[in-house]
Each structure stands twice: as C-alpha cells, then as structure tokens.
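Colleague: pasting the structure only:
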Ligand SMILES: Nc1ncnc2c1ncn2[C@@H]1O[C@H](COP(=O)(O)OP(=O)(O)OP(=O)(O)O)[C@@H](O)[C@H]1O
Ligand SMILES: Cc1ncc(C[n+]2csc(CCO)c2C)c(N)n1
C-alpha cells in the first residue's frame with residue numbers, strides 16, 4: 001500500500017503552500033490562535049462548534065486591531081454553527097444566521113461532543129468529494145480543560161479514516177492509522193523540532209521509525225511502559241510504521 005503523506009503546510013502562507021490537499025476548519029470554544037485567519041483563508045468550508053462562534057465574533061476583530069471590528073466580522077462568516085447550543089450567545093447566533101450561516105441545533109444529543117457533531121457535519125457536507133484529500137483543521141483543541149482535550153483526541157480515534165488535525169498555539173496532533181507507511185514531511189520554518197509518538201487505545205507491539213533523534217526499531221510502546229515523548233526531529237522526512245494507531249505530535253513555531 002502507498003505511503004500516507006503528512007505535513008503542516010497549512011501553516012505556510014497561501015503562495016508557498018502546495019495545493020495537494022483541501023482544508024476544512026473547525027473553530028472550538030477556546031482563544032483563537034494568531035494563525036486562525038490564515039487557516040480560514042485556506043479552508044473551503046468553516047464550522048463553529050457551539051461556543052466557538054462566540055470566539056469568532058469576539059476575537060477575530062482583536063487579530064486585526066487597525067480595522068473596524070464590524071468590517072472584520074463581516075469577512076469571517078462561518079458556513080455552519082453546530083452543537084448542543086448551550087454556550088453560543090443568542091445575539092451571536094442571530095448575527096450569523098442573518099448573514100446566511102446554517103444553524104444546526106443538536107441539543108437533544110448529550111452523548112457526543114460538539115466537535116464530534118461538527119465532524120459529522122463535514123463528513124456529510126463533503127460526501128461527494130474525495131475525503132482522503134480533505135484535512136480538517138481544528139483550532140482551540142488543546143491546552144484547556146483536560147476532559148475536553150481527551151474528548152477531542154477521542155474524536156481522532158472515532159474517525160480514524162478522516163484526516164483530522166487538532167491544534168493549539170504550541171503544537172498539533174493527528175492520528176497515524178495502523179499498518180500503513182507514514183511519511184511526515186517536516187517544514188522547519190513552521191514546525192518542530194519537538195515531537196512525540198504515542199500509542200492510543202491499545203499498545204503497539206511493533207513500531208519502527210526513521211528521521212528522529214530517538215528512533216524506534218520494532219519496538220513495543222504502551223502506557224505504563226515506553227511511549228515516545230520529548231523526541232526530536234532530525235531529518236526532512238520522518239517515516240513511521242506501526243501495528244497500532246499512533247498519535248503524532250509536533251511543536252509549532254511561534255507565529256509571526
Ligand atoms: N477548555 C477547552 N479545552 C479544549 N477544548 C475545548 C475547551 N472548551 C471547549 N472546547 C471544545 O470546544 C467545543 C465547544 O465548546 P463549548 O464550550 O460550546 O462546549 P460544551 O459542550 O458547552 O462544554 P461543557 O462541557 O462546558 O458543557 C467542545 O465540544 C470542545 O471540543
Ligand atoms: C458516560 C457519559 N459521560 C458524560 C456524558 C456527558 N456528555 C458527553 S458529550 C456531552 C455533550 C457536550 O456538548 C455531554 C453532556 C454522557 N452523555 N455520558
């Protein structure tokens with residue numbers, strides 16, 4: 001089977017970004033990162049998870065201090081707001097609704113997270129497209145409440161065949177599905193050198209890597225035993241093969 005390719009090229013400006021992937025953006029209910037407008041411009045569809053819409057409304061203007069807030073707001077209109085609607089303010093909902101945003105109220109479902117609901121929306125929205133080519137970028141996914149963070153990671157495990165990347169200001173995380181060759185293309189201007197490989201859900205009996213300071217060679221990894229944290233990227237490409245699903249995480253350089 002062909003290798004699966006990964007990179008953080010979405011953190012590059014549009015003119016430097018290869019156009020091999022299409023992107024979707026999910027805005028969660030945490031402080032917007034400085035690179036949110038960049039990801040917004042890369043994306044062909046943008047969804048706010050419940051209270052994420054408050055963040056878009058309140059914080060996008062802060063990222064453009066020299067511009068009038070209402071002008072900035074009118075540039076960043078999400079395609080949809082979806083969730084159980086216990087966090088989004090009524091005024092914010094009405095504002096975006098009036099500008100054409102689709103509102104999907106799923107307050108009846110208290111068993112799946114708002115992020116999960118947004119992934120379902122995007123899966124259905126892009127059902128006619130080649131989904132193996134769609135990268136879903138999720139901002140505000142890490143560095144907050146631990147139950148939310150773990151819930152967000154669990155979404156990666158629930159949708160192992162979709163390319164979903166969780167982002168904070170400081171790092172990104174995505175899944176490397178088991179039994180495939182993974183080629184991770186390192187862009188030193190935007191990501192690295194700190195990285196980690198973490199088995200999720202079940203132990204890995206065998207993981208092999210190249211391109212890291214501490215490579216694994218047919219090595220077992222499990223919680224309670226060895227997992228690879230505080231590793232360092234050494235080459236332009238990191239290769240990974242494992243018999244179990246792994247989380248890949250890499251640090252993000254300060255955005256300027
Ligand atoms: N502190 C946080 N850390 C990480 N992710 C978060 C955090 N807060 C919210 N999120 C993400 O944003 C989504 C929407 O947030 P929102 O506050 O609207 O959720 P919620 O379901 O109302 O949360 P709560 O558990 O507080 O009722 C959540 O489903 C979660 O994925
Ligand atoms: C065992 C169990 N634990 C927690 C919840 C609560 N919960 C999980 S997702 C969600 C929606 C958040 O927007 C809520 C309230 C549950 N249903 N089942």
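Modeller: Okay, I see it. These figures come from a predicted structure and were not determined experimentally. Numbers count the residues shown, from 1 in each chain. Ligands and ions are numbered 1, 2, ... in the order given.

Colleague: Sketch out the low-pLDDT regions of the stretch 51-200 of the chain for me.
Modeller: The stretch 51-200 of the chain contains no residues with pLDDT under 70.

Colleague: Next, the buried residues of the helix or strand hosting residue 38.
Modeller: Using DSSP states H and E, residue 38 sits within helix 36-42. In terms of neighbour count (16 or more other C-beta atoms under 10 Å), helix 36-42 has its buried residues at 36-40, 42. Backbone N, C-alpha and C define where each C-beta goes, glycine included.

Colleague: Just send these back as JSON lines, with pLDDT and distance to ligand 1 too.
Modeller: Shown next, in JSON lines, are these (pLDDT from 0 to 100; distance: C-beta to the nearest ligand atom, whole Å):
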{"residue": "36", "pLDDT": "98", "distance to ligand 1": "14"}
{"residue": "37", "pLDDT": "98", "distance to ligand 1": "19"}
{"residue": "38", "pLDDT": "97", "distance to ligand 1": "20"}
{"residue": "39", "pLDDT": "97", "distance to ligand 1": "16"}
{"residue": "40", "pLDDT": "98", "distance to ligand 1": "17"}
{"residue": "42", "pLDDT": "95", "distance to ligand 1": "21"}
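
Colleague: ok so, going back, counting by contacts, list what the helix holding residue 38 packs against.
Modeller: Of the remaining helices and strands, those touching helix 36-42 by 3 or more C-beta pairs under 8 Å, 6 or more residues apart in numbering; DSSP states H and E are strand 22-27, helix 52-63, strand 134-139.

Colleague: cutoff 7 Å now
Modeller: Secondary-structure packing of helix 36-42 (3 or more C-beta pairs under 7 Å, 6 or more residues apart in numbering; DSSP states H and E): strand 22-27, strand 134-139.

Colleague: what's the offset of stretch 62-71 from the middle of its chain?
Modeller: Between the centre of stretch 62-71 and the centre of its chain there are 25 Å (C-alpha atoms, centre = their mean, to the nearest Å).

Colleague: what about residue 126, neighbour count?
Modeller: Residue 126 has 18 neighbouring residues, counting by other C-beta atoms under 10 Å.

Colleague: who's in contact with the helix holding residue 38?
Modeller: The contact list for helix 36-42 (C-beta atoms under 7 Å, 6 or more residues apart in numbering) reads 10, 14, 17, 23, 25, 46, 63, 76, 137, 139.

Colleague: hang on, the earlier thing: of all the helices and strands packed on helix 36-42, which one is nearest residue 84?
Modeller: The minimum distance between residue 84 and the helices and strands packed on helix 36-42 falls on strand 22-27, with 15.3 Å, by C-beta to C-beta.

Colleague: Among the buried residues of helix 36-42, which one lies nearest to residue 3?
Modeller: Proximity of the buried residues of helix 36-42 to residue 3 (C-beta to C-beta) peaks at residue 42, which lies at 23.3 Å.

Colleague: May I ask you to name the longest strand in the chain?
Modeller: Using DSSP state E to define each element, the chain has its longest strand at strand 191-199.

Colleague: ok, what's across the strand from residue 23?
Modeller: residue 43, residue 135 (DSSP bridges).

Colleague: how much space between it and ligand 2?
Modeller: 25 Å (C-beta to the nearest ligand atom, to the nearest Å).

Colleague: need the strands for the stretch 1-150 of the chain, in chain order.
Modeller: For the stretch 1-150 of the chain, the strands defined by DSSP state E, counting those that start in this stretch occupy 4-7, 22-27, 43-49, 80-83, 102-105, 134-139.

Colleague: For residue 114, the count of nearby residues, please.
Modeller: Residues lying near residue 114 (other C-beta under 10 Å) number 28.

Colleague: List the residues that contact it.
Modeller: Going by C-beta under 7 Å, 6+ apart, residue 114 touches 49-50, 83-84.

Colleague: of those residues, list those near ligand 2.
Modeller: residue 84 (C-beta under 6 Å from any ligand atom).
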